[in-house]
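Q: Would you be able to build a 3D model of this:
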Amino acid sequence: MAKPKRGANPFYFLLVLVGVALVITASSFWMRAYQEVRPVRGDKAAETAESHPLWDFIDEHGNQLLIVELVVLAVLTVGAIATDEFWASRPRRSSIHSVADSRPSDQIPAGEPFSNEETES
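A: Residues are numbered from 1 along each chain as shown. Purely as a prediction, here's the structure:
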């Protein structure tokens, strides 16, 4: 019999969101730093054009944003590790799985056919 599915740890979802935000911020920060070091030569339109609002934001708040995202990522990582056993012990709630499915396989007598009659009451 298949093992019951374990409950999902919500910290994993938050870790993915913060990780993606960190990648976007770090990439933007790197692009801005690269543009400052190696400006495009001969492109008069780029030299005279106004700066993009994203670059202005990165110039003003890039360092703080990276630090905050790293701290949040660290806190969420510790939270995911600390609560992983709790979420693993909880079976995932689903209307598809019945109570009989969540019983350990050693409690189901051999040769007993599975029926849904126990869960319909």
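Q: residues near residue 12, how many?
A: Applying other Cβ atoms under 10 Å, we find 13 residues neighbouring residue 12. For glycine as for every other residue, the C-beta is placed from the backbone atoms N, C-alpha and C.
Q: Give me the spatial nearest neighbour of it, chain neighbours excluded.
A: Ranked by Cβ to Cβ, 6 or more residues apart in numbering and with sequence neighbours excluded, the top spatial neighbour of residue 12 is residue 80, at 6.1 Å.
Q: Which strand or helix spans that neighbour?
A: Element membership for residue 80 (DSSP states H and E) is helix 53-89.
Q: in this protein, which helix or strand is least confident?
A: Each helix and strand of the chain was given a mean pLDDT (mean pLDDT, DSSP states H and E); the minimum falls on helix 44-48 at a mean of 55.
Q: my read: the residue nearest to residue 12 touches residue 16, true?
A: No. Under the contact definition of Cβ atoms under 8 Å, residue 80 does not touch residue 16, with a separation of 10.7 Å.
Q: the more surrounded of these two?
A: The neighbour comparison of residue 80 against residue 16 (other Cβ under 10 Å) goes to residue 80, with 17 against 11.
Q: Next up, the contacts around the more buried one.
A: 9, 11-12, 15 (Cβ atoms under 8 Å, 6 or more residues apart in numbering).
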